[in-house]
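Visitor: Sequence and predicted structure, then a few things I'm wondering about:
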Amino acid sequence: MMRMPVAALALLLAGAASAETLYVSNEKGATVTLIDGATAKPIGSWPVGKRPRGIALSADGKTLFVCASDDNTVQMIDTATGRILADLPSGDDPEQFALSRDGKQLFAANERQNIVTAIDIAKRTVTFQTPTGEEPEGMATSPDGRWVVATSESENSVHWIDIASGQEKAVTTVGLRPRHAEFTPDGKALWVSSEIEGIIQIIDPATQKIVKRIPLAIEGVPSESILPDGIRFTPDGRQAVVALGRANHVAIVDVASATPIRYIPVGRRVWHVGISPDGTRAYSANGLSDTLSIIDLKSMAVTATVPAGRAPWGIAVGR
């Protein structure tokens, strides 16, 4: 993997301000790979903490947040320079996190402690810690700012935490090993992937009850290989893109009908996906291929495969 000097990289990014930049966390490489969406080429690599997994950008794109799981922190990185600004006190083994809708708080799932830690980003202090189910992983915040949810992999449940009080208010039982949670853009539904069961569940936030289950099946692929993980919605909310793990595919799901409409082959062991701001492209992090796939959502086909670091896991998409 190329390593571009920070100053040179900053100049390149400044000169291509209108281009889309992809940030890929590399779990075994302890790096974040930067990829230019316009050219589909790597443009740099930033060293980060050990075992980076969850990754997201601030709303203004100026700060990148990365879970350094084995360093027990979420790192804040200046996207203009690649410099680590702070190690947030995010508890033990944070694998995923969610940002509050106002951008003021970060909620980290602490797998070893079985808690969710809430952090005031500006003050870099803990605001509350809430017990949750065993092995919390998937995290999401509701668009109305009321809820932060955490999936419990071992207890097959989704835990609903009221942000204002920091208290758990409800628990929803779901399928085996829930890995990811994602609210639809309008906030009317929560989608949860259950890895071992090979399904997506749609939950009504008003009642915290499952209203629909979406089975996933690919012709010629054993059902035990279909391990749904990351979910992302297009900006218009019409389609969902779902990473399918060892099936080496992503699913494109029509949201209105809750029906898979296409399965697209990508790299090996797809962990997570990203969507371009204009909704025309999807990206998959292929953990066992050390690559990122670029998917055209109109033609439903992979248009490019880009080298990443060792074991790419998560994707954040900048403008």
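Guide: In hand now; what should we look at?
Visitor: Going by C-alpha atoms from here, please, whenever you check contacts or count neighbours.
Guide: Noted.
Visitor: Excluding chain neighbours, what is closest to I161?
Guide: Spatially, and ignoring its direct neighbours in sequence, I161 is nearest to E168 (4.1 Å; Cα to Cα, 6 or more residues apart in numbering).
Visitor: Just to be sure, E224 is in a strand?
Guide: No - with DSSP: H, G, I helix; E, B strand; the rest coil as the criterion, E224 is located in helix rather than a strand.
Visitor: Show the contacting residues for it.
Guide: If you count contacts by Cα atoms under 8 Å, 6 or more residues apart in numbering, E224 has them with 196, 198.
Visitor: Try it again at 10 Å.
Guide: 195-198, 246-247 (Cα atoms under 10 Å, 6 or more residues apart in numbering).
Visitor: Check T303 too.
Guide: 40, 281, 293-296.
Visitor: quick one on the thing from earlier: so which of the contacts of E224 sit within strands?
Guide: Judged by DSSP state E, strands contain none of the contacts of E224.
Visitor: ok, those vs G138, which is closest?
Guide: Ranked by distance to G138 (Cα to Cα), the contacts of E224 are led by E195 at 11.6 Å.
Visitor: What's the separation between the closest one and E224?
Guide: In this structure, E195 and E224 are 9 Å apart, going by Cα to Cα, to the nearest Å.
Visitor: cool, I214 as well?
Guide: Note on I214: its distance to E224, by Cα to Cα, is 16 Å.
Visitor: dump the residue contacts of K209.
Guide: Per Cα under 10 Å, 6+ apart, neighbours of K209: 170-174, 190, 201-203.
Visitor: Now do the strands in the stretch 101-250 of the chain.
Guide: Secondary structure of the stretch 101-250 of the chain by DSSP state E, counting those that start in this stretch: the strands cover 105-110, 115-120, 125-131, 136-141, 147-152, 157-162, 167-173, 178-183, 190-194, 199-204, 209-215, 231-233, 239-243, 249-254.
Visitor: mind listing what's buried in the first one?
Guide: For strand 105-110, the neighbour count (16 or more other Cα atoms under 10 Å) marks 105-110 as buried.
Visitor: re the thing from before, which one among the contacts of E224 gets closest to C67?
Guide: Closest approach to C67 among these (Cα to Cα): E195, at 21.1 Å.
Visitor: Setting aside sequence neighbours, what's the nearest residue to that closest one?
Guide: L227 (4.4 Å).
Visitor: same question, T234
Guide: Spatially, and ignoring its direct neighbours in sequence, T234 is nearest to G279 (5.2 Å; Cα to Cα, 6+ apart).
Visitor: and if you look at W147?
Guide: D162 (5.1 Å).
Visitor: That neighbour is in contact with R146, isn't it?
Guide: Yes - the pair D162 / R146 is scored as a contact, 6.0 Å apart, by Cα atoms under 10 Å.
Visitor: what is in contact with these two at once?
Guide: Counting by Cα under 10 Å, 6+ apart, no residue touches both D162 and R146.
Visitor: before we move on, the earlier item: list the contacts of the residue nearest to W147.
Guide: D162 makes contacts with 145-149, 168-170, as judged by Cα under 10 Å, 6+ apart.
Visitor: ok, and the most crowded of these?
Guide: V149 (30 neighbours; other Cα atoms under 10 Å).
Visitor: which residues touch the residue lying closest to that residue once chain neighbours are set aside?
Guide: Distance criterion Cα to Cα, 6+ apart; nearest residue to V149, sequence neighbours excluded, is W160 at 4.7 Å. W160 sits next to 132, 140-141, 146-151, 167-172, 205, 208 when contact means Cα under 10 Å, 6+ apart.
Visitor: how does it look with 7 Å?
Guide: Neighbour list for W160: 147-150, 168-171 [criterion: Cα atoms under 7 Å, 6 or more residues apart in numbering].
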